[in-house]
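[1] Build the 3D model from these lines:
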Amino acid sequence: MTEQRITLKIENNIAIVNLNRADKHNAIDMAMFHALDKVSKKLSKNKAIRAVFLSGNGEDFCSGLDVKSVLKAKSNILQLLFKFIPGNSNLAQRVSTNWRKIPVPVVAIIQGRCWGGGLQIALGADFRITTPDASLSIMEAKWGLIPDMGANLALRELVNIDIAKHLAMTGEIINAQQALKYGLITQVSNDPYQAALRLIEPVIERSPDSVAAVKKLYNNNWHKKSWHMLAKESLYQIKVILGKNQQRAVKKQLSPEHAKDFDNRQNW
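    Okay, here's the model as predicted:
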């Protein structure tokens with residue numbers, strides 16, 4: 001599948017999504033907002049994929065919002081910010097939050113600049129691997145704005161509140177090693193694509209239902225009260241046990257020579 005702003009290919013059950021605007025450093029215009037929203041929703045319904053790799057073509061992952069393009073029409077702002085229910089994600093937020101809803105590990109593979117909206121997109125992934133020369137910034141402060149593309153959900157999970165405040169208040173550009181120290185990224189690698197493959201290889205060997213359940217359990221309940229987390233883990237465990245893949249996982253451990261491949265995952 002190819003769209004003007006996004007390319008998608010699936011290899012060995014890994015969906016590879018590329019931001020495809022290299023001549024503009026993958027800056028996000030309205031077409032890219034809509035393309036990201038569309039492709040992430042499509043992937044969330046694909047029960048056969050086992051992982052998603054999210055990357056950007058060219059020298060930069062994403063340099064941020066294409067301000068000139070987006071602000072040329074007031075209707076664009078309405079499209080981005082409008083929502084029927086305040087607690088739901090609008091279009092601007094879905095380019096980050098949609099990745100959190102896909103029931104497989106999502107890995108952002110980052111090179112060059114990952115600024116503003118680019119970092120908001122990457123923070124929606126489960127893991128982030130950068131090249132040594134990558135730079136990251138919550139850059140909205142430079143435009144007199146607050147970060148409002150949904151990545152605050154991930155930011156509160158990853159870094160201490162004082163670090164989050166400093167980055168969001170200043171728009172400071174940090175390097176990969178600083179980002180690793182803060183907890184914004186998972187690892188630094190000279191070959192982030194191969195590092196991503198090594199990261200998800202042992203995950204793919206597990207039941208797609210247990211992987212999906214863990215992602216949903218942690219993303220949706222990490223900061224909720226203890227009783228809520230306990231209730232959800234019991235509920236999800238029952239659903240996992242009732243599925244065929246849990247039985248096949250046991251078989252793979254006890255009698256691997258007779259074990260069948262996992263089925264596509266359940267609805268999560």
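[2] any idea how far residue 75 is from the residue nearest to residue 25 when sequence neighbours are not counted?
    Leaving out its chain neighbours, the residue that sits closest to residue 25 by C-beta to C-beta, 6 or more residues apart in numbering is residue 63, at 3.8 Å. The C-beta positions use only the backbone N, C-alpha and C, and glycine is treated the same way. Here residue 63 is placed at a distance of 24 Å from residue 75 (C-beta to C-beta, to the nearest Å).
[3] more neighbours, those two?
    Applying other C-beta atoms under 10 Å to residue 63 and residue 75 shows that residue 63 carries more neighbours, namely 24 against 9.
[4] what residue ranges in the stretch 151-268 of the chain are flagged as low confidence?
    Scanning the stretch 151-268 of the chain for pLDDT under 70 picks out no residues.
[5] hey, where'd the strands end up in it?
    174-175, 187-188 (DSSP state E, counting those that start in this stretch).
[6] The ones you listed: which one's closest to residue 8?
    Among the strands of the stretch 151-268 of the chain, the nearest to residue 8 by C-beta to C-beta is strand 187-188 (24.6 Å).
[7] Give me the spatial nearest neighbour of residue 154, chain neighbours excluded.
    residue 123 is the one closest to residue 154 (C-beta to C-beta, 6+ apart), at 4.1 Å.
[8] so what's that neighbour up against?
    96, 151, 154, 155, 158, 184 (C-beta atoms under 8 Å, 6 or more residues apart in numbering).
[9] could I get those residues as JSON lines with neighbour count?
    Output for the contacts of residue 123, formatted as JSON lines (neighbours: other C-beta atoms under 10 Å):
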{"residue": "96", "neighbour count": "26"}
{"residue": "151", "neighbour count": "23"}
{"residue": "154", "neighbour count": "23"}
{"residue": "155", "neighbour count": "21"}
{"residue": "158", "neighbour count": "17"}
{"residue": "184", "neighbour count": "25"}
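[10] Name the nearest of the residues you listed relative to residue 240.
    residue 154 (24.8 Å).
[11] quick one: that closest one from residue 210, how far?
    Distance, residue 154 to residue 210, using C-beta to C-beta: 22 Å.
[12] Kindly report the same for residue 184.
    27 Å.
[13] Give me the most central residue, the chain.
    residue 125 (1.9 Å; C-alpha atoms, centre = their mean).
[14] Which among the strands of the stretch 151-268 of the chain is found nearest to residue 130?
    strand 187-188 (5.6 Å).
[15] Looking at the record's assignment, how would you partition the chain?
    6-203, 207-258 (automatic domain parsing).
[16] quick one, helices of the stretch 151-268 of the chain?
    All helices of the stretch 151-268 of the chain, identified by DSSP state H, counting those that start in this stretch, fall at 152-158, 161-170, 176-182, 192-204, 208-221, 226-242, 244-254.
[17] how about those, which one is nearest residue 114?
    Once the helices of the stretch 151-268 of the chain are compared by C-beta to C-beta, helix 176-182 is nearest, at 8.7 Å.
[18] So for that closest one, what gets flagged as buried?
    Neighbour-count burial for helix 176-182 flags 176, 178, 179, 180, 182 (criterion: 16 or more other C-beta atoms under 10 Å).
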